[in-house]
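A.B. asks: I'll drop the sequence and a predicted model, then ask my questions.
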Amino acid sequence: MNEGRKEVLQIVFVLVGLIFLVKLFFIQIVEERYKNMAGVNAIRKEIQYPIRGIIKDRNGKLIVYNSPEFDLMVILHEVKHFDSTRFCQVFGKTQDELRLLFKSFYTEIRNRKANRFQPFPFLRQLSTYDLARIQDNLDEFPGFFIQDRTTRAYASKAVANAIGYVSEISKNQLDRDKTGIYKQGDYIGQSGIESFYEEYLRGQRGIKHLMRNKDGVIKGSYEGGKYDTLSVPGQDLVSTIDLTLQEYGAFLLNGKSGSIIAIEPATGEILAMVSGPSYDPNLLTGKNYSQNFKLISTDSLKPLFNRPLMAQYRPGSIFKIAQAMVALQEGVITPETRIRCDRSIINCHGPHSNEDLRGAITNSCNPYFHNVLRRMLNQGKGANPFDDTRIGLAEWDKHMMSFGFGRRLGIDLPNEKRGLVPSPEYYDRAYGGRPWKFSNIYSIAIGEGENMVVPLQMANFAATVANKGFYYTPHLVKSIGNSGMPLPQYLEKHLTTIDSANFRIARDAMQRVVEAGTAQYRAKLKDIVVCGKTGTVQNEPNPDHSVFIAFAPKENPKIAISVYVEYSGQGGRAAASIASLMIEKYLLGGTQRPNIEEYVLKGKFLH
Amino acid sequence: MRREEIISHKIDWVTVLIYGLMVFWGWLNIYSATYDETQSIFDLSLNSGRQMMFIITSSILILAILIIDMRFYETFAYIIYGVLLFLLLLVPFIGKEVGGNRAWLGVGSFGVQPSEFAKFATALAAAKFIGTIGFRMDNIRNQIVLFAIIAGPILLILLQKDYGTAMVFMVFLLVFYREGMSPFLLLVGLGVGVIFILTLLVENNWILFGIIGAAWGILMYMNRRKKIRRLGIITAGALVLAFTITSVEFIFDNLLEEHHQKRVMVLINPELDQLGAGYHVYQSKVAIGSGGVIGKGFLKGTQTKLKFVPEQYTDFIFCTIGEEHGWIGSLLMVSLFMSLLLRVVFIAERQKNRFARVYGYSVACIFFFHFATNIAMTIGLFPVIGIPLPFFSYGGSSLWSFTILLFILLKLDAHRMHVLQRL
């Protein structure tokens, strides 16, 4: 009756043993996930945030540095049930805030944006007082830990727009990041130099492997730190900015809307780049970043708008200098060519009637340049006035573009605008295929009409004239790390299509503008030969913008500058005053004309 | 009465060797599980140090067992059983509460769990009863007495809410099966278990009804020429299974406590609650799974060392083996248990009297149940119940009780030629 029952039991025993071995084979050998989980479980990878490169000015003065910052992080996987009343007391949160925070973490996990093994930022930028209090009680709350890293601090408020700011990488940026370098919570340069030189500044994250037990208590480093990597600090930058000049520029532009760009003509190094109105960059570092950013970004005066590169204006009369040189190059006029100031088509100002080229520039004669442009565009190369204008305009474009107008110069900042030099194709589109000829487009002759420039292009133009026909792309960083060199593109000389001989007229005329012309009162300096040109950008129905470009000294120029002051009338006033004060400050260390400085400071032109 | 001698060459040294290997390896694992660089394996403040004391006392127990007259065990089987039942009865009243369970009896810091010792006592009693001259398994009265023998400790241990240990006594059904009990009860029991899980897994109960119906039809057809009694049994079995399906929801919702419900649900869906009910199993699997083929090496396991696995030196000691010795270690451990089980069955089969044989099978089946349930729960094949792994898990009571269990058999075996054949 009991035959075979012994065998049944033996088979059952062995079968169970085999089932276990097969199941264990799968758990231990086939499936990878348990191995990965074990890594996450027992070893905490602590991120060693690199120190971001600091930025100094051309004289070694500190512009941007780092200050320590402590964040309270949480790894949800390690969080145990805790007394929420006690928790709120220690961490200074209300129950509702607590619930909301955790809810947002879980939402991210559900959306597969994050997982429960990675740290979430719980409290940002703890004050030293909070830090001490929290650290004392941290043991009670497994899963919470303090992460230290550094945040940006700005030694000067004056460089805000050029330097830019740093903030935590956004969801969008993280999604777009193909390099895989960034993780949630990382800092990334959001604008200005911080953004353009991000790859040099950011450095490299290090990872420290720490063993910990189930309560998250650290039990020392894993395998003696065999797998640890040290963080590599970011590279320091030396800016081309002269902080003293920059701060003086910001001081002068205070309460006004506009921009100042000063360039060293021989190198293209930007000595000062001021945008007004601006903001205090230190507002965008602390834990109030988000609320401050909201305030700043919604401010009606647009302090985040970097006017030197982004504000596009009509070039105005200053364009006449470029016109003159292009016309000389094309051979349609000579310096001696006199043209009657016929105000029937286009109006003019000042008492003059029949000027040569120098006089026309000095007096900014509109009919003269109207005529000059006609000569350039209608050289009789085409079969009819339409084709002729077309051919002439294409030629004219080529010259203008060689000055850097109508295209991005390639400054080391993001968001540079290109301005506009209208091409034949542009007019085809504008006229919807209907024919156009000189008489349709002549307002570009005096820098009005379709032409658009940004202040940076104007400063670069001043530098080009100072250099008699070439320029180096304006840039803000002269040395990266220990190289002592800027990016290679900033060592490249750009020639214009104009022979350097043709610049002589322009330079002479610009000298006369300051000494005897539209800017004589406010831009003339005692010991320095300043060459300049005023511009008044029509801005109906609002007051005109005041524009001035200049370089000095005339021989071997050290500084080229463009100044835009919005809504402040003629270029000879606000803009010329500021430009000359900047030149004085840079070349002489300060102004000898307190009345001019007072004039600038008193006038508040904010619109 | 002839003076008993301990004749060493009559002891089954193969079993002693397996026992020794298990206890020693277990001891090393307990050390590893609670390892602290600064402390030695002998340190009495560590579990490994205390386990060493348990091992030494076990050796004394072994000597005592071997010295005591072999006839003592059969003669006093009922008395031993009675004493243990009495102790179990006392536990709820004067027991100490340890870890939420009132299962300990003791004086001062020294305590034992009577439920552990009830196993060998019950084995002795059942063996004695079956070994009675003229015992027939097909006698319904005998069966009722046998069920009463195992029901006694089960009920008393359930009073302590120690469901795991109570379940151990169900394994005597296997022994009874070996001794001639109809497999019907085992099969239906197995069927109820499978159907229970399937009902939780499968949404549509009609599929299960269909399967049971089909199985019933096929069995009825195959047995169509057999006695009406067998057809009745098959029909009754099918009805019990069908009834199980309809009652699963009720049992699950009303009879199981919440944490038991969770443990069952976690088994079905391991990802369900990794921090709550699923934590044990999840961490256990992570620890075992991280071992790979050859493991991380002795004392090198990060998961177990850093206490991710709760109760890992007692019920979850296998995690340490899995993590530090990998699949090779698992293979060795499973092989050791297989050798032990088969060796014990071999020993049981060579006994001349029925008492010793039944006792031998009881030993094999109790070890089997512990081994199977313990490993199954650590790798997520069975709900988590507190069942130690014999000879490996930390704990005095369990080590002593398993040692007593095994060495009584070896004592009986050493004297198998001295008894009259009464089979």
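C.D. replies: Nice, thanks for sending it over. Residues are numbered from 1 along each chain as shown, chains lettered A, B, ... in the order given.
A.B. asks: can you confirm residue A:153 is in a strand?
C.D. replies: Yes. Counting by DSSP: H, G, I helix; E, B strand; the rest coil, residue A:153 is found in a strand.
A.B. asks: Quick check, pLDDT for it.
C.D. replies: Note on residue A:153: pLDDT of 88.
A.B. asks: Near it, how many other residues are there?
C.D. replies: Using other Cβ atoms under 10 Å in any protein chain shown, residue A:153 has 17 neighbouring residues. Using the backbone N, CA and C atoms, a C-beta is placed for each residue, glycine as well.
A.B. asks: how about the nearest residue to it, chain neighbours excluded?
C.D. replies: residue A:67 (4.4 Å; Cβ to Cβ, 6 or more residues apart in numbering or on different chains).
A.B. asks: Tell me how the chain divides into domains.
C.D. replies: Unless you meant another one, I'm taking chain A. Using automatic domain parsing, the domain ranges for chain A come out as A:44-80+A:93-239, A:243-284+A:306-602.
A.B. asks: actually chain B
C.D. replies: Domain ranges of chain B: B:8-181+B:258-418, B:190-255, per automatic domain parsing.
A.B. asks: could those be laid out in JSON lines, adding distance to chain A and mean pLDDT?
C.D. replies: Formatted as JSON lines, the domains of chain B follow (distance: least, Cβ to the nearest Cβ, whole Å; pLDDT from 0 to 100):
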{"stretch": "domain B:8-181+B:258-418", "distance to chain A": "2", "mean pLDDT": "85"}
{"stretch": "domain B:190-255", "distance to chain A": "11", "mean pLDDT": "80"}
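A.B. asks: what's the closest of the ones you listed to residue A:178?
C.D. replies: Evaluated with Cβ to Cβ, those place domain B:8-181+B:258-418 nearest to residue A:178, the distance being 31.6 Å.
A.B. asks: Near residue B:129, how many residues? Count them for me, please.
C.D. replies: 19.
A.B. asks: That one against residue B:136, yeah?
C.D. replies: No. Counting by Cβ atoms under 8 Å, residue B:129 stays clear of residue B:136, with 11.9 Å between them.
A.B. asks: what are the phi and psi values for the residue nearest to residue A:153?
C.D. replies: Dihedral pair for residue A:67: phi -130, psi 150, per degrees, to the nearest 10.
A.B. asks: now residue B:130
C.D. replies: Backbone torsions of residue B:130, given as degrees, to the nearest 10, read phi -70, psi -30.
A.B. asks: How many residues are close by residue 56?
C.D. replies: Since you didn't name a chain, this refers to chain A. 19.
A.B. asks: Oops, wrong one, chain B.
C.D. replies: Neighbour number of residue B:56 under other Cβ under 10 Å is 10.
A.B. asks: same check, this time on residue B:390
C.D. replies: 26.
A.B. asks: That one - that's part of a helix, no?
C.D. replies: No. Residue B:390 is assigned coil when assessed by three-state DSSP, not a helix.
A.B. asks: Skip the chain neighbours and tell me the closest residue to the residue of chain A found nearest chain B.
C.D. replies: Nearest residue of chain A to chain B: residue A:34, at 2.5 Å (Cβ to the nearest Cβ). Distance criterion Cβ to Cβ, 6+ apart; nearest residue to residue A:34, sequence neighbours excluded, is residue B:289 at 2.5 Å.
A.B. asks: hey, which of the domains of chain B is tucked in deepest?
C.D. replies: domain B:8-181+B:258-418 (a mean of 20; mean count of other Cβ atoms under 10 Å in any protein chain shown).
A.B. asks: Contact partners for the residue most central in space within chain B?
C.D. replies: Nearest residue to the geometric centre of chain B (Cα atoms, centre = their mean): residue B:370, 2.9 Å. Counting by Cβ atoms under 8 Å, 6 or more residues apart in numbering or on different chains, residue B:370 touches B:168, B:387, B:388, B:389, B:390.
A.B. asks: In this structure the fourth one contacts residue B:373, no?
C.D. replies: This means residue B:389. No. Applying Cβ under 8 Å, one finds residue B:389 not in contact with residue B:373, separated by 9.3 Å.
A.B. asks: which among the contacts of residue B:370 gets closest to residue B:87?
C.D. replies: Ranked by distance to residue B:87 (Cβ to Cβ), the contacts of residue B:370 are led by residue B:168 at 16.6 Å.
A.B. asks: What distance do you get for residue B:393 to residue A:470?
C.D. replies: Separation of residue B:393 from residue A:470 (Cβ to Cβ, to the nearest Å): 86 Å.
A.B. asks: All set now, cheers.
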